[in-house]
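Visitor: I'd like to go over a predicted model; first the sequence, then the structure.
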Amino acid sequence: MKKILNPWTDNPEYKCIGCSPDNPIGLHLEFYEEGDEIISKWQPSDNHQGWVNTLHGGVQALIMDEICSWAVSRKLQTAGVTSKMEVRYKHHIPTNEGEITAKARIREQRRNLVTIDAELIDHNGRVCTEATCLYFTFSKEKSEQEMHFMPFLTEDE
């Protein structure tokens, strides 16, 4: 697994709730690349509960949306936005039993529409949540000029 460097960490205005290391209420997610997959491991806390000791569904959706975005940014080296996300909650995720793993992979790309599959896996290896994101990507020119996109590189690049 190769760690993906976060290109935005030097931007003082960058406060993403999912991946900014400087957002005091953020999740501080970090991402890794392994083959076709983007992976993130994260430890929920009691602050992320919906019901007692259960990870809130909105937090789960946030993680899925974030990892799908990183899949597009890393694999396609362009920016975009989530157009649609369908989430299937299969099993509850405990907030007090260990680290969870998020995984995402691009299923297909048709012009500027990208379909990404994602899943959340509990500490026992059980797939608890699945999502499919439809992502609208910008041209590389627009990404760089208007969105100030910077390459998503791994530590060894």
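Guide: Noted; the coordinates are in hand.

Visitor: Spit out the contact partners of the residue sitting nearest the centre point of the chain.
Guide: Central residue of the chain (CA atoms, centre = their mean): residue 67, 1.4 Å from the mean position. Taking CB atoms under 8 Å, 6 or more residues apart in numbering as the criterion, residue 67 is in contact with 29, 31, 38, 40, 102, 103, 104, 118. Glycine gets a C-beta too; all of them are placed from N, C-alpha and C.

Visitor: Which of the residues you listed fall within strands?
Guide: 38, 40, 102, 103, 104, 118 (DSSP state E).

Visitor: quick one: the helices in this structure?
Guide: 57-76, 140-145 (DSSP state H).

Visitor: what comes up buried for the first one?
Guide: By 16 or more other CB atoms under 10 Å, the buried positions in helix 57-76 come out as 59-76.

Visitor: hang on, the earlier thing: with mean pLDDT and distance to residue 92 added, can I get the helices of the chain in a markdown table?
Guide: Listed next are these as a markdown table, based on pLDDT from 0 to 100; distance: least, CB to CB, whole Å:
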| stretch | mean pLDDT | distance to residue 92 |
| --- | --- | --- |
| helix 57-76 | 98 | 9 |
| helix 140-145 | 91 | 37 |
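
Visitor: and those helices as JSON lines, adding distance to residue 45?
Guide: Below are the helices of the chain laid out as JSON lines (distance: least, CB to CB, whole Å):
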{"stretch": "helix 57-76", "distance to residue 45": "10"}
{"stretch": "helix 140-145", "distance to residue 45": "34"}
